[in-house]
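> Give me the fold of what follows.
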Amino acid sequence: MFDVRSPGEFVQGHIPGAINLPLFSDDERAEVGTIYKNSGQESAVLRGLKIAGGKMSELAIRAKQAAPSQGEVLVHCWRGGMRSQSMGWLLSTAGLKPTVLEGGYKAYRSHAHESLDATYRLKVVSGLTGAGKTRILGMLANAGEQVVDLEGLANHRGSAFGGIGQRKQPTTEQFENDLFRQLQNLDANRPIWVEDEGNRIGTVVVPPAFYQLMRHSPAVFMDSSPAQRVKNLIEDYGDLPLAELADSINNIRKRLGPQNADEALASLDGGNVARAIEIVLAYYDKTYMKAANAMPRKIMPSLAIDKLDDSGIATSAIALSSDTTFV
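Next up is the predicted model:
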């Protein structure tokens, strides 16, 4: 699949799996757009042809190198207009078998939005910070359950510390595209497990309809002791740069309170990461309880997980969620 839009458009959001084969650079696209606005379509088309003309050989070579052996490729731009039509002609001339996506990326986005607004049979893994909810999603997946890891899609582990050591976050638009793709690959007639999240994961915004569905869906609360949660968080964050951990604490200084923030920073500086985490956990526990009390969901049985192995956690969660009062 070749996305022939400019690199900037592609980064903003693209169909997962697409290869960017831009007809214009970002600057060239802006130039053609300005000419269209000031001088009309004919002048813009002539300028576009002049720009593209010198790239035709390079574009054809790149496409042939990336195309499958049978030569069948899908081509799209924003609306399925001149850019994709022109590239379709070029690739056909070069011996490939292109199909232009009707309606282009705009049509894809419309379909994605409709799908993300649909109702799915969600089951939610809930619990206080450090309970290992993402790991539990993996346990459920290993047990054959359908799982969507929203934090994995967002390249962020939640909380003020969630971006440390992670890859750059996608745009919200790309996050929606990746979520749509995952949901497409799942059986809509079976439950899908997700982690309890707020409406934002780092800088990424969870689709509003999907977020509201999560809030109303039944959940299992993973009950873990403070000591175990501190241990889990040390495993996750203990080897990360202390300066970045300190920056994250400073980012929530007002919410922690100056005294708590200073004590957490002093603990970090003294190498006592566990104490710093304990202080921050107290804040996040209060935040979670406040959010939980405002949740419209009515069903959330508790599962004590500290003495269970991975298989036991998954089996017990599945059993709890299969109860008729749960579903």
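
> any idea which helix or strand carries Leu303?
strand 302-304 (DSSP states H and E).

> Heading C-terminal from that strand, find the next helix or strand.
helix 310-321.

> if we can go back for a sec, thinking in terms of the whole chain, how far from its middle is the strand holding Leu303?
Distance of strand 302-304 from the chain centroid (C-alpha atoms, centre = their mean, to the nearest Å) equals 28 Å.

> residue ranges for the helices of the stretch 101-250 of the chain, please.
With DSSP state H, counting those that start in this stretch applied, the stretch 101-250 of the chain shows helices at 104-116, 133-142, 150-154, 172-184, 208-216, 226-237, 242-251, listed in chain order.

> Turn the ones you listed into TSV, including mean neighbour count, mean pLDDT and distance to Gln65.
No exception for glycine: its C-beta is placed from N, CA and C like everyone else's. Shown next, in TSV, are these (neighbours: other C-beta atoms under 10 Å; pLDDT from 0 to 100; distance: least, C-beta to C-beta, whole Å):
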stretch	mean neighbour count	mean pLDDT	distance to Gln65
helix 104-116	17	96	23
helix 133-142	19	96	35
helix 150-154	22	96	29
helix 172-184	19	97	25
helix 208-216	17	95	38
helix 226-237	17	90	41
helix 242-251	16	88	40
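
> which one of those helices lies closest to Lys307?
Nearest of these to Lys307, taken as C-beta to C-beta: helix 226-237 at 9.8 Å.

> Am I right that Arg62 is in a helix?
Yes: counting by DSSP: H, G, I helix; E, B strand; the rest coil, Arg62 is found in a helix.

> tally of neighbours for it?
14 (other C-beta atoms under 10 Å).

> Does Glu42 lie in a helix or a strand, and which?
Using DSSP H and E, Glu42 falls within helix 41-53.

> what's that helix in contact with?
The contact list for helix 41-53 (C-beta atoms under 8 Å, 6 or more residues apart in numbering) reads 23-24, 28, 31-33, 35-36, 82, 86.

> can you put the helices of the stretch 101-250 of the chain in JSON lines and add distance to Lys50?
Below are the helices of the stretch 101-250 of the chain laid out as JSON lines (distance: least, C-beta to C-beta, whole Å):
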{"stretch": "helix 104-116", "distance to Lys50": "23"}
{"stretch": "helix 133-142", "distance to Lys50": "51"}
{"stretch": "helix 150-154", "distance to Lys50": "41"}
{"stretch": "helix 172-184", "distance to Lys50": "31"}
{"stretch": "helix 208-216", "distance to Lys50": "44"}
{"stretch": "helix 226-237", "distance to Lys50": "54"}
{"stretch": "helix 242-251", "distance to Lys50": "48"}
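
> Can you check which of those helices gets nearest to Ser6?
From the helices of the stretch 101-250 of the chain, taking C-beta to C-beta, the stretch that ends up closest is helix 104-116, at 11.8 Å.

> Would you mind writing the CA trace of the closest one as CSV?
What follows is helix 104-116, C-alpha atoms only, in CSV (Å, rounded to 0.1, in the frame of the first residue of the first chain):
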residue,chain,number,x,y,z
GLY,A,104,-8.5,8.0,-0.4
TYR,A,105,-7.4,8.3,3.2
LYS,A,106,-10.3,10.6,4.0
ALA,A,107,-12.7,7.7,3.3
TYR,A,108,-10.6,5.4,5.5
ARG,A,109,-10.7,7.8,8.4
SER,A,110,-14.5,8.1,8.1
HIS,A,111,-14.8,4.3,8.2
ALA,A,112,-12.4,4.2,11.2
HIS,A,113,-14.4,6.7,13.1
GLU,A,114,-17.6,4.8,12.5
SER,A,115,-16.0,1.6,13.7
LEU,A,116,-14.5,3.3,16.8
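
> Could you report the pLDDT at Phe326?
We have a pLDDT of 62 for Phe326.

> likewise Ile252?
89.

> how close does the residue lying closest to it once chain neighbours are set aside sit to Ile192?
Distances taken as C-beta to C-beta, 6 or more residues apart in numbering put Ala160 closest to Ile252, at 4.8 Å, once the chain neighbours are dropped. Going from Ala160 to Ile192 by C-beta to C-beta, to the nearest Å gives 28 Å.
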